[in-house]
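1. Generate coordinates for the sequence data below:
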Amino acid sequence: MEETGPGAGAGQGAEPEPGAGAGQGAEPEPGAGAGQGAELGAELRRNPTHTDALASGCSSLTTQQLQENVRVVKRRHRPMRLMFEIPSARIIDQVLSKHVVYQVVLMRSGRFDSRRVSVERRYSDFSCFHHKLQQEFRDELEDLVLPPKLLSGNFCPHVIAERRVALQEYLAEVNRARCVRHSRLFPAFFTEQEQRRAHALLRAGQFEAALQQLQDVLVMEEKLLPWQSATLLVPTLSALAVCHRDLEEPEQAYAAALRALPAVRRYGLKRHRAALLSLLVDVGYELGRPAAQLQEELTTLRDAERGEVSSCSLKELVVQEFI
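-> The predicted structure follows:
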């Protein structure tokens, strides 16, 4: 997976506000703008500056300033859409196999997206993805057609160019299906291979290489998050926390674990919750952060579950994933 533009540090963000993960998953559907008026009104009521502006005769803002404030709020609530591009392809010629890989770029519209991230996929990856979609959503996707497999001419430049355009149109068609956008099959197509490579590197003790791979995965998942549960990020953030800790970067480890915690609490991921809390308590004391409340939460969780919550560390949990 490759990323262009500013790097996305895993643990650089602060802890989300309670319920923030769920709110992201409930963002407007692509193309949906019906509820923007209500959201705009709610935003104006929440923001003191905008509230003052709404009160007739009570605002010190000029008409031009009021109009600019409204434009800012409208831009904030533009509906987001996923866009796909397959700008290039390359031939990989190995001793026992020769195949074409396509660079798939995922972008998100509706706001400035400076982080273009891409993955490489073979035609066989598209075919496997299509087969899984047909198994799960046969009725909803009865008209979805994957560009056919070719028996010859696969490596001709004009054939590769035509296939590249056809696969890009296929992804756009897949994205129009709401059932697919909200399915775990969708992010898995874009991130599972990279997750497996990253976790293999982590298990081998190559934490810096794993960290880079995981940061790219996180950028991709963040683009898909408005149509997914907030739990999508939990395995990646957990693995990032482990890598940062083994690289003796406690601040980043703490931030990554802290970011994962709200979704884990909200959706009842007990194994991750105990492991994350344990790491946060240990690293929190190391950094001189207030950890008494986290320690109390961990103790309460373990007492309530009476041994049902695993006592394994976050690292022990992470190395078992994506095998």
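2. alpha carbons only for contacts and neighbour counts from here, please
-> Will do.
3. Run through the helices of the chain in chain order.
-> 20-25, 36-46, 48-54, 63-76, 123-136, 157-175, 178-181, 185-203, 207-224, 234-246, 250-266, 270-287, 292-305, 314-318 (DSSP state H).
4. residue contacts, residue 265?
-> residue 273 (CA atoms under 8 Å, 6 or more residues apart in numbering).
5. how close does it sit to residue 64?
-> 44 Å (CA to CA, to the nearest Å).
6. Dump stretch 302-318 to PDB, restricted to CA.
-> C-alpha atoms of stretch 302-318 as PDB (Å, rounded to 0.1, in the frame of the first residue of the first chain):
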ATOM      1  CA  ARG A 302     -12.200  -8.200  35.400                       C
ATOM      2  CA  ASP A 303     -14.200  -8.500  38.600                       C
ATOM      3  CA  ALA A 304     -17.500  -8.300  36.700                       C
ATOM      4  CA  GLU A 305     -16.500 -11.000  34.200                       C
ATOM      5  CA  ARG A 306     -15.100 -13.300  36.900                       C
ATOM      6  CA  GLY A 307     -12.300 -14.700  34.800                       C
ATOM      7  CA  GLU A 308     -14.100 -14.600  31.500                       C
ATOM      8  CA  VAL A 309     -12.000 -11.700  30.300                       C
ATOM      9  CA  SER A 310      -8.700 -12.900  29.000                       C
ATOM     10  CA  SER A 311      -5.600 -11.700  30.900                       C
ATOM     11  CA  CYS A 312      -3.400 -11.800  27.800                       C
ATOM     12  CA  SER A 313      -1.500  -8.600  26.900                       C
ATOM     13  CA  LEU A 314      -2.300  -6.500  23.900                       C
ATOM     14  CA  LYS A 315       0.700  -7.900  22.100                       C
ATOM     15  CA  GLU A 316      -0.400 -11.500  22.700                       C
ATOM     16  CA  LEU A 317      -3.800 -10.600  21.300                       C
ATOM     17  CA  VAL A 318      -2.400  -8.700  18.300                       C
END
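7. The closest residue to residue 130 other than its chain neighbours - how many residues pack around it?
-> The shortest distance from residue 130 to any non-neighbouring residue, by CA to CA, 6 or more residues apart in numbering, is to residue 146 (7.0 Å). Neighbourhood size, residue 146 [other CA atoms under 10 Å]: 18.
8. For residue 146, give its distance to residue 179.
-> Taking CA to CA, one finds residue 146 at 18 Å from residue 179.
9. related to what we said a few turns ago, which residues does the residue nearest to residue 130 contact?
-> By CA under 8 Å, 6+ apart, the neighbours of residue 146 are 127, 130, 167, 170.
10. Would you show me how to pick out the buried ones of those residues in PyMOL?
-> To isolate in PyMOL the members of the contacts of residue 146 that are buried, counting by 16 or more other CA atoms under 10 Å, one can use:
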select buried, resi 130+167+170
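11. What confidence value was assigned to the residue nearest in space to the middle of the chain?
-> Among the residues of the chain, the one closest to the centroid is residue 221, at 1.6 Å (CA atoms, centre = their mean). Listed pLDDT for residue 221 reads 96.
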